[in-house]
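Q: I'd like to go over a predicted model; first the sequence, then the structure.
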Amino acid sequence: MDNIKILLSLDQSTKKTGFCIVKNGKYYKSGVLVVNENEKAYERMRLMNEKISELISKVKPDYVVFEQIQFQHNYSTYRQLAQLQGIIMAYLFTHDIPFTVIESTAWKSFIGITGKKREEQKKNTQKFVLDKYGLDVTDDEADSIGIAEWSIAHIIERIE
């Protein structure tokens with residue numbers, strides 16, 4: 001791939017998935033895909049798969065970056081996130097869309113996010129987005145923007 005015009009970053013979960021669209025190496029748009037959290041896990045995965053697939057079909061990214069799953073004290077949640085990650089990968093493989101899975105520590109370190117606890121890191125990421133873009137966003141959306149920041153430097157600029 002010689003040129004990435006549109007990059008999509010995702011902070012995926014079965015309930016809320018933050019996304020950020022980068023066009024020509026610059027922030028373009030971000031948001032959150034939401035499904036009913038009262039649904040059973042497999043139904044949430046199906047619904048989130050539909051929403052992510054629709055977003056990808058609409059945006060037509062040249063490249064996708066999403067966050068590696070992390071164990072957060074609950075094996076059931078970890079398993080569900082692994083299954084959702086597999087669903088996303090299968091979609092990207094089927095549609096021949098290149099992707100990278102990035103560790104949260106890599107993008108957080110790159111943009112200077114500090115904090116010992118997850119909640120503190122999420123708040124600091126929201127502050128980063130507010131300071132840089134003037135956007136007051138949810139933690140899911142902020143994380144997708146943080147992933148996009150790393151992607152601009154490590155994926156887009158490296159390739160172009």
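A: Nice, thanks for sending it over.
Q: Excluding chain neighbours, what is closest to residue 133?
A: Sequence neighbours aside, residue 27 is the residue nearest to residue 133 in space, at 6.3 Å (criterion: CB to CB, 6 or more residues apart in numbering). In this view, the C-beta of every residue, glycine as well, is placed from N, C-alpha and C.
Q: The one you found: which element?
A: For residue 27, the host element (DSSP states H and E) is strand 26-34.
Q: Output the contacting helices and strands for that strand.
A: The contact analysis (3 or more CB pairs under 8 Å, 6 or more residues apart in numbering; DSSP states H and E) places strand 26-34 against strand 16-23, helix 41-59, helix 139-151.
Q: Would you mind finding the most buried of these?
A: Among the helices and strands packed on strand 26-34, ranked by average contacts under mean count of other CB atoms under 10 Å, first place goes to helix 139-151 (a mean of 26).
Q: Mean confidence (pLDDT) on it, please.
A: Across helix 139-151, the average pLDDT comes to 96.
Q: That helix: how far from the chain's middle?
A: Mean-position distance between helix 139-151 and its chain equals 6 Å (CA atoms, centre = their mean, to the nearest Å).
Q: can you put the helices and strands packed on strand 26-34 in CSV and add distance to residue 121?
A: Converted to CSV, these look like this (distance: least, CB to CB, whole Å):
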stretch, distance to residue 121
strand 16-23, 14
helix 41-59, 23
helix 139-151, 9
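Q: closest one to residue 5 among these?
A: With CB to CB as the measure, strand 16-23 is the member of the helices and strands packed on strand 26-34 nearest residue 5 (6.7 Å).
Q: neighbouring contacts of that closest one?
A: For strand 16-23, the external contacting residues (CB atoms under 8 Å, 6 or more residues apart in numbering) are 5-11, 27-35, 48, 51-52, 55, 59, 61, 138-145, 147-148, 151-152, 156.
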